[in-house]
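Participant: got a predicted structure plus its sequence, pasted below:
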Amino acid sequence: MKSKTIRLTITGCLGRMGQQLIKAANVNKNFSIYSLTEYKKINKKILGILPQQNTEDAFKKTDVIIDFTVPKCTFEVLKIATKLKKKVVIGTTGFTEKEEKIIKNYSKKISILKAGNMSLGINLLMYLTEIASKSLGNKYLSKIYEVHHKHKKDYPSGTALMLGKGIALGKNKNFYDIIGKKYLNREKFPYGKKINFNSLRKGEIIGEHEVLFSSGKEIIKLNHEAFDRSLYSEGALSAANWIVNKKPGLYSMRDLMNFE
């Protein structure tokens, strides 16, 4: 029996990730692109589809919405998706603690998979970070270093913050209580009792992340380097494929990867 093609909506279709997702979904036989949205009116078709703004009409017959935009847009999407009972994959980053709680409330009504990074490798790194943090305990201080292309405006990256959450989970602490200093383009930066972050913006680097633990006598490093942006679109499509049959709830890539 032939499996049903998943109808997909891609929001922020003119963005870097939007373009990558269109490209990846177009060659993936499991998906058909149902609609594309953008915050402003677009008069040019993409793959024969005219982009719309976020409306009920744009989402009406879709199965899954993939959202890599900005928090304001994500909440627009969630409001409509909840009304229409649509599944949502969120790759948007930069949410506040209060906004994270709002997303959790939406997930009581619809299925949401949210990840600061859709790469399977990064999600494995977060899992390993949590194990290391738990095993090493409070005698080890930690810090996080990340490098991205010069066009990236936000810092620390959503992925760096996600890895910070891995450290907090390992220590059984609230992540927002242990965020330390956030440095930009520093050559060196210190460890602290809280998690310090250093973000470097240069060239066209796709993404490098490193978690460091130090006791003063030794340093443990966990790192990941991305060479191809398609990593993220492939991960997002895996998430869309996975969530299509899931009940309402807030899921992560960790659920998809079946970590214990």
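Facilitator: The structure has been received and is ready for your questions.
Participant: how about the helices in this protein?
Facilitator: 16-26, 56-59, 71-84, 97-106, 120-136, 158-171, 230-243, 253-257 (DSSP state H).
Participant: and the first one, what other elements does it pack with?
Facilitator: For helix 16-26, the helices and strands in contact under the criterion 3 or more CB pairs under 8 Å, 6 or more residues apart in numbering; DSSP states H and E are strand 6-10, strand 31-36, helix 230-243. The way it works is simple: take the backbone N, C-alpha and C, and place the C-beta from them, glycine included.
Participant: I'd like the helices of the chain written out as JSON lines, with mean neighbour count added.
Facilitator: Output for these, formatted as JSON lines (neighbours: other CB atoms under 10 Å):
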{"stretch": "helix 16-26", "mean neighbour count": "19"}
{"stretch": "helix 56-59", "mean neighbour count": "16"}
{"stretch": "helix 71-84", "mean neighbour count": "18"}
{"stretch": "helix 97-106", "mean neighbour count": "13"}
{"stretch": "helix 120-136", "mean neighbour count": "19"}
{"stretch": "helix 158-171", "mean neighbour count": "23"}
{"stretch": "helix 230-243", "mean neighbour count": "22"}
{"stretch": "helix 253-257", "mean neighbour count": "19"}
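Participant: how about the helices and strands packed on helix 16-26 in TSV, adding mean pLDDT and distance to residue 107?
Facilitator: Formatted as TSV, the helices and strands packed on helix 16-26 follow (pLDDT from 0 to 100; distance: least, CB to CB, whole Å):
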stretch	mean pLDDT	distance to residue 107
strand 6-10	98	18
strand 31-36	97	22
helix 230-243	94	11
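Participant: can you redo the helices of the chain as a markdown table with distance to residue 40?
Facilitator: A markdown table is the format used below for the helices of the chain (distance: least, CB to CB, whole Å):
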| stretch | distance to residue 40 |
| --- | --- |
| helix 16-26 | 13 |
| helix 56-59 | 14 |
| helix 71-84 | 11 |
| helix 97-106 | 23 |
| helix 120-136 | 31 |
| helix 158-171 | 24 |
| helix 230-243 | 23 |
| helix 253-257 | 30 |
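Participant: nearest to residue 222, of these?
Facilitator: helix 120-136 (5.6 Å; CB to CB).
Participant: domain parsing for this protein?
Facilitator: 6-114+230-257, 120-226 (automatic domain parsing).
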